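S.K.: coords please:
(one chain, ligands or ions: 3)
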Amino acid sequence: MWKAARFAASSLRRSRRLSTAIPGPCIVHKRGADILHDPWFNKDTGFPYTERDRLGLRGLLPPRVISFEQQYARFMESYRSLEKNTQGQKNSVVSLSKWRILNRLHDRNETLYYRVLIDNIKDFAPIIYTPTVGLVCQNYSGLFRRPRGMYFSAKDKGEMMSMIYNWPAQEVDMIVLTDGSRILGLGDLGVQGIGIPIGKLDMYVAAAGFNPQRVLPVMLDVGTNNQKLLEDRLYLGLRQPRLEGEEYLSIVDEFMEAVFTRWPKAIVQFEDFQMKWAFETLHRYRKKFCMFNDDIQGTAGVALAGLLGTVRAQGRPLSDFVKQKIVVVGAGSAGLGVLNTAIQAAARMTGNDETTANKLFFLLDKDGLVTKQRNNLDPAAAPFAKDPSEIDGLREGASLVEVVKKIRPHVLLGLSGKGGIFNEEVLKAMRDSDSSKPAIFAMSNPTMNAECTAADAFKHAGDNIVFASGSPFENVDLGNGKIGYVNQANNMYLFPGIGLGTLLSGAHFISDGMLQAAAECLASYMTDEDIQKGILYPSINSIRHITTEVGAAVVRAAVEEGLAEGHGDVGYRELKHMSKEETVEYVTRNMWFPVYNPLVHEK
Ligand SMILES: NC(=O)C1=CN([C@@H]2O[C@H](COP(=O)(O)OP(=O)(O)OC[C@H]3O[C@@H](n4cnc5c(N)ncnc54)[C@H](O)[C@@H]3O)[C@@H](O)[C@H]2O)C=CC1
Ligand SMILES: CC(=O)C(=O)O
Ligand SMILES: [Mg+2]
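M.R.: Ligands and ions are numbered 1, 2, ... in the order given. This next block holds a predicted model:
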């Protein structure tokens, strides 16, 4: 109890540093019970008497006023007792119980919800984000109690321009959009995929200080090809096969037009689209609208930062990145995004073209090593397909273990969605890597889809590896006081900063330069001392800080490229004259932080 109160007090002090100033009044157009039922404004028993009078709340609440700190402490106490009471129960049962208690708070009182989320991000991110969010999506139709976000379906064709005005907020800054076709590594979950935009936007609020009243999770329901869902009587989405081709694109086009008509300055993050549509929509919209694809572009930046960190961990200069042999397992939107970006970085470092830089990268998919001899080679994978002369006797479709034994890679990076494919044999083969500190990145989500566990990686590949996973694992005790550090290589370290920097720069589209600046910022964030220990990414406890830095780097890149137009009352000229520190300060100043603002009623 005391600890929670102290926690709350320290975050209150922090809030003064992070928020614009002392909390200003907030205009509300509702009165009485309508306010209590609106999680944006509700303070539960925290409404002071003056406000109860002003807003017609007298008599609608028990008489005692409970402070924010007390409410915070009470929630944390309930959470901790839930943890205690569910000890020993199945993991999935415990995780869903934790998600429910957090979700109930989210639905009731957003200010308190985001405060507990920010202060306890290490404990709560695995509940509202990966891995539990995956379980929530799988069970969404049964868990559904009240809607969050917007749902546009194939049945809404021709109506979207008017539907968009049903959203109650006047302004929206950030939208996360999915069609539910590839939810984490769990496949097509149809409308149930809405959990992902909700979780991603929670990270936007917690890490980047987006105002929760100005974010919008969106589900584009174009059907599902998941037979089990189509037959599930509780399924809440359209019971029809997915739209394809022009029919599909016309729905996405209509949605994008509607969004940018109502909110011309919004940013749309595409999330968890199956590969063909992920690439197609990125190509189709990236110059026309302010949008990016997190799985392709966010993941690539995070992976690149990890790959550069791996070179530093070997005690080598960064320029040695171009000498690293990297095996990427998974030729989907994420794996190809990583390869594209890594090869571009290598080409920049050497001044060579991308074909030369490509030589040391190897790509595998479900059919093994991808070579130019592959039948029906996917055009998106074609630039990375190996020529038979480059692969030292390996054949088209060679298995992962064959490739690892032959190539002896410095890095093995999994984005396959296939749990456990870095098996004992593969991991043991990594012991013969040509690197003094081989790196194993098991980036697929959620936990059961990770290519290997942290414990298995250290056990089979050796104590001297660098390890990263997409979902969190505990550090591994290697005995004799040694720790095997586990990094979370997840795009959560970049997408909030990309969104924040783009918003605050006022750029109308997101350039490669802005994305590169974000990745470089993350790559240079860690000290040599941490990197030597095998710590490549910041702790999630620092996510708000790293996001501020990434946001500032993105603003500065937009300014340098002449794309920035300013935000609010800060124009392009002011942005241009800001020093690096001033840009960080500008970003910090614009980050929302949860405090109870005095509410003022206006008709
Ligand atoms: N850590 C992070 O930040 C991120 C992780 N991911 C994860 O990456 C995974 C893949 O995502 P996408 O690329 O969008 O999916 P995708 O469905 O587009 O691609 C999956 C790829 O893996 C390949 N594959 C499947 N089974 C395989 C096997 N046994 N061996 C080798 N390759 C195999 C497929 O052929 C395909 O090329 C998902 O689990 C997702 O959660 C995705 C984005 C970010
Ligand atoms: C982290 C993420 O975006 C994914 O697994 O799809
Ligand atoms: Mg994703």
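
S.K.: separation between the residue in the stretch 201-350 of the chain positioned nearest to ligand 1 and Ser416?
M.R.: Closest residue of the stretch 201-350 of the chain to ligand 1, Cβ to the nearest ligand atom: Gly332 (1.8 Å). (Glycine included, C-beta is placed from N, CA and C.) Taking Cβ to Cβ, to the nearest Å as the measure, Gly332 and Ser416 are separated by 8 Å.

S.K.: check Gly32 too.
M.R.: Gly32 is 54 Å from Ser416, by Cβ to Cβ.

S.K.: the more surrounded of those two?
M.R.: For Gly32 and Ser416, the more surrounded residue by other Cβ atoms under 10 Å is Ser416, and the numbers stand at 26 against 14.

S.K.: separation between the residue nearest to Met219 when sequence neighbours are not counted and Glu396?
M.R.: Closest residue to Met219 apart from its sequence neighbours, by Cβ to Cβ, 6 or more residues apart in numbering: Ile194 at 4.3 Å. From Ile194 across to Glu396, the span is 40 Å (Cβ to Cβ).

S.K.: quick one: which of these two has more around it?
M.R.: Taking neighbours as other Cβ under 10 Å, Ile194 and Glu396 compare with Ile194 leading, 30 against 18.

S.K.: need the three-state assignment for that one.
M.R.: Following DSSP: H, G, I helix; E, B strand; the rest coil, the label given to Ile194 is helix.

S.K.: who touches both of Gly332 and Ser416?
M.R.: By Cβ atoms under 8 Å, 6 or more residues apart in numbering, Gly332 and Ser416 have these common neighbours: Asp365.

S.K.: run through the residues that contact Gly470.
M.R.: By Cβ under 8 Å, 6+ apart, the contact set of Gly470 is Thr130, Ala442, Met443, Ser444, Asn445, Ala450, Gln488, Ala489, Asn490.

S.K.: quick one, what contacts the fifth one?
M.R.: Residues near Asn445 by Cβ under 8 Å, 6+ apart: Thr130, Pro131, Gly134, Leu184, Gly185, Gly470, Ser471, Asn490.

S.K.: pretty sure the third one contacts Arg182?
M.R.: This points to Gly134. No - checked against Cβ atoms under 8 Å, the pair Gly134 and Arg182 is beyond contact range at 11.9 Å.

S.K.: alongside ligand 2, which residues does the stretch 451-600 of the chain contribute?
M.R.: Applying Cβ under 6 Å from any ligand atom, we find that the stretch 451-600 of the chain lies next to ligand 2 at Gly470, Asn490, Asn491.

S.K.: ok, the second one - contacts?
M.R.: The neighbours of Asn490, taking Cβ under 8 Å, 6+ apart as the test, are Thr130, Val302, Met443, Asn445, Gly470, Ser471.

S.K.: again, only using 7 Å
M.R.: By Cβ atoms under 7 Å, 6 or more residues apart in numbering, the residues touching Asn490 are Thr130, Val302, Gly470.

S.K.: what does Ser153 give?
M.R.: Residues near Ser153 by Cβ under 7 Å, 6+ apart: Asp221, Leu238.

S.K.: element containing Tyr114, please.
M.R.: Counting by DSSP states H and E, the element that carries Tyr114 is helix 110-119.

S.K.: which neighbouring elements make contact with that helix?
M.R.: With contacts taken as 3 or more Cβ pairs under 7 Å, 6 or more residues apart in numbering; DSSP states H and E, helix 110-119 sits against helix 2-18, helix 68-85, helix 91-108, helix 195-208.

S.K.: just how off-centre is the last one within its chain?
M.R.: Helix 195-208 has its C-alpha centroid displaced from the chain centroid by 7 Å (Cα atoms, centre = their mean, to the nearest Å).

S.K.: and for stretch 186-202?
M.R.: On Cα atoms, centre = their mean, the centre of stretch 186-202 falls 12 Å from the chain's centre.

S.K.: can you list the buried residues in it?
M.R.: By neighbour count on 16 or more other Cβ atoms under 10 Å, the buried set for stretch 186-202 is 186, 188-202.
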